[in-house]
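Visitor: sequence and predicted structure are below.
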Amino acid sequence: MTSTSFGNHGFGIPFSPVGRARQRLGLFIYTIATTACSCHRPPVQRKALPFPIGRTELVIMMASLMSLNALAIDIMLPALGLISDDFSLPSVNDRQWTITSYIYGMAIGSILYGSLADRYGRKPVLLVTISIYTIFAILCALAWDYQLLLIGRFIQGLAASAMGVLANSIIRDRYDGDAMARSMSTIMMVFMIVPITAPLVGQMVLHVAPWKAIFLVLATAGLATFLWVSSRLPETLHPDDKTPIRFKSVASAWYNVIFNRNSFGHVIASGLMMAPLFAYIASAQQIFFDIFDAGDIFAFIFALSAGAMSIASFTNSRIVMRFGARRVSQSALIFFIFVSIVHFILAEADMLNLWSFTAVLVPSMAMVGFTGANFSSIAMQPFGKTAGVASSFQNFSRSGLSAMIGAAIGLQFDGTVLPLATGFMVCGIASLAFVFWAEEGKLFRRVQIGVTRDKLAKLDDL
C-alpha cells in the first residue's frame, strides 16, 4: 500500500477510503484553526464626533475668544495716563506695566493649558478659564493700589492665555495644512475688529465713567462669551485622542516641538514679529499723547494700524490656499524689514511727524497680519494628536519671547520713536534669520500637507 503526505504539513495518511475521510477531516480542522488564529480583520473605523455648528460660527466664536485678550489690552490704552495719575506712579514708563503684566501672565499661562486640554477636552478648560478671566476683571475694578491692580492683571492674563492656545487647538482638530492657515487667517481677520474699536470704546467709557469701569466692560464680555461657548461649542477632541497628564509624555511633546527644526524656528520667528507689536501697544499712549500731542485722534490712528492688520489677514485667507503659507509669510517678512529700515532711517534723522510715522507704521502692521497666522499654522503642522500640548508650548515660547523683548523695547521710551523703530528693524531681521534656518535655506517653497480635494470641497466660504 502506498502512502502519501497531506500537502506539506507532514500528515502520513494511507491512500484509502478511510484515509480520504481522515484527510478531509484534517483539512477541515486545519482550515478552521488557521482562520481563527489569523488577525486579518478589517480595521475599526472610529466614529466621527458630531459637530453641529458651521465653519462661519466656529470662526467667529474662536475670534471672540481671542478677542478677549485684545480687548483686555487695547481698551486700557486711553486710560494709562489716568491710571498713572491716580496711583501717582514715579516714572512715566511705569504705566506700561498695566499692559506688560497682563502679557507676562499670558506667556506663563500658555504652558499650562495644552496638557489639560489634551486630558480633559477643549471645552471644560475653556469654560473654567473664561470664568477666571471674568472674575479677575471685576477684582481689578476693585483694586485700591497699583500693585494689586498688576497682580489682578497678571492672573487675568494667566487665564486668558487659554483662549489663544485652545482656539489654535480647536482649529487644528478640525483642519490642517493650508486649510488650517486659511481658517486661522479668517479668525485673525474677524479678531482684528476688536483692536480697531477697543481704544475708541475705552475713550467712550472714560467720557461717562472713571477708568475702573473699563474692567466692568471686560467682565461683561467674558460673561457673554462664557454663555455662548457653553451653549454652542461641541467638544472637538476625539475621546481616542485624550491623553493622561504625565510629565514624561508632556516633556516628550515639548522635546518634539523644540527639536523639530521647522516648527521651533517658526515659533521663534513669530515671537520676534510679535515683540515690536507689543512694544508699540505698550508705548502707543505715550507716543501719540506725549510726542505728537494727538490724544484726540489716538483711537483713529490706532484703528488705522489695527485695520491694516485686519485687511492683511482677510487677504491672506483668500490667497494662502493658492500660494501657500510659506510663500505669503516670507514675502511679507521681507517687505516688513524693508519698511522698518526706512522707519529707522527717518527716526534717526528726526524726520518723523505724526503722519509720516503713521505712513511707516501702517504697512508694518499689515505685514504682521500676513506673518502671524501663517507662522503659527506652519509650526503646528507636524502635530496632530498632541496638538494641545504642542500649541500650549509654542504659545508659551512665542508669548514669553515677545513679552520680554517687547517690554525691553517699550521701557526704552525716551520721548522719541527711535527705540521703537530700532526694535522693529532688529526683530524683523532676526525673524528672517530664524525662518532661513528653519527652512534650511530654502525660502518660498510650497509644502502641501493634509489638504485633499475632498477637504477643500468641505471648506465652505464665509
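Guide: Cool, got the structure. Numbers count the residues shown, from 1 in each chain.

Visitor: the nearest residue to residue 76 once chain neighbours are set aside: which element?
Guide: The shortest distance from residue 76 to any non-neighbouring residue, by Cβ to Cβ, 6 or more residues apart in numbering, is to residue 98 (5.9 Å). The way it works is simple: take the backbone N, C-alpha and C, and place the C-beta from them, glycine included. Counting by DSSP states H and E, the element that carries residue 98 is helix 97-120.

Visitor: list the helices and strands that helix packs on?
Guide: If you count contacts as 3 or more Cβ pairs under 8 Å, 6 or more residues apart in numbering; DSSP states H and E, helix 97-120 packs onto helix 55-74, helix 80-86, helix 122-141, helix 146-174, helix 247-258, helix 261-286, helix 387-410.

Visitor: swap the cut-off to 6 Å and go again
Guide: helix 122-141, helix 146-174, helix 387-410 (3 or more Cβ pairs under 6 Å, 6 or more residues apart in numbering; DSSP states H and E).

Visitor: what angle separates it from helix 261-286?
Guide: 150 degrees (axes from the mean of the first three to the mean of the last three Cα atoms, to 10 degrees).

Visitor: in helix 97-120, which residues are buried?
Guide: Under the neighbour-count criterion of 16 or more other Cβ atoms under 10 Å, helix 97-120 has 97-120 buried.

Visitor: residues making contact with it?
Guide: 73, 76, 83, 125, 150, 153-154, 157-158, 161-162, 165-166, 169, 243, 245, 250, 278, 282, 388-389, 391-392, 395-396, 399-400, 403, 407 (Cβ atoms under 6 Å, 6 or more residues apart in numbering).

Visitor: just the CA trace of that helix, in CSV.
Guide: What follows is helix 97-120, C-alpha atoms only, in CSV (Å, rounded to 0.1, in the frame of the first residue of the first chain):
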residue,chain,number,x,y,z
TRP,A,97,3.2,97.6,33.3
THR,A,98,-0.6,97.7,33.2
ILE,A,99,-0.2,96.1,29.8
THR,A,100,3.1,94.2,30.3
SER,A,101,1.9,92.4,33.5
TYR,A,102,-1.1,91.0,31.5
ILE,A,103,1.2,89.9,28.6
TYR,A,104,3.5,88.1,31.1
GLY,A,105,0.5,86.3,32.5
MET,A,106,-0.5,85.3,29.0
ALA,A,107,3.0,83.9,28.3
ILE,A,108,3.3,81.9,31.5
GLY,A,109,-0.3,80.6,31.3
SER,A,110,0.2,79.3,27.8
ILE,A,111,2.3,76.4,29.0
LEU,A,112,-0.5,75.2,31.4
TYR,A,113,-3.5,74.5,29.2
GLY,A,114,-2.3,72.3,26.4
SER,A,115,-1.9,69.2,28.5
LEU,A,116,-5.1,70.0,30.5
ALA,A,117,-7.0,70.3,27.2
ASP,A,118,-5.5,67.1,25.8
ARG,A,119,-6.6,65.3,29.0
TYR,A,120,-10.0,66.7,29.8
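
Visitor: by how many degrees do it and helix 55-74 diverge?
Guide: 140 degrees.

Visitor: and helix 97-120 with helix 387-410, angle?
Guide: Helix 97-120 runs at 170 degrees relative to helix 387-410, counting by the same axes, to 10 degrees.

Visitor: quick one: average confidence on helix 97-120?
Guide: Here helix 97-120 scores 86 as its mean pLDDT.

Visitor: if we can go back for a sec, could you dump the helices and strands packed on helix 97-120 to JSON lines with distance to residue 270?
Guide: Formatted as JSON lines, the helices and strands packed on helix 97-120 follow (distance: least, Cβ to Cβ, whole Å):
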{"stretch": "helix 122-141", "distance to residue 270": "22"}
{"stretch": "helix 146-174", "distance to residue 270": "12"}
{"stretch": "helix 387-410", "distance to residue 270": "5"}
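
Visitor: could you dump the ones you listed into JSON lines with distance to residue 61 and mean neighbour count added?
Guide: Formatted as JSON lines, those follow (distance: least, Cβ to Cβ, whole Å; neighbours: other Cβ atoms under 10 Å):
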{"stretch": "helix 122-141", "distance to residue 61": "10", "mean neighbour count": "21"}
{"stretch": "helix 146-174", "distance to residue 61": "9", "mean neighbour count": "24"}
{"stretch": "helix 387-410", "distance to residue 61": "17", "mean neighbour count": "25"}
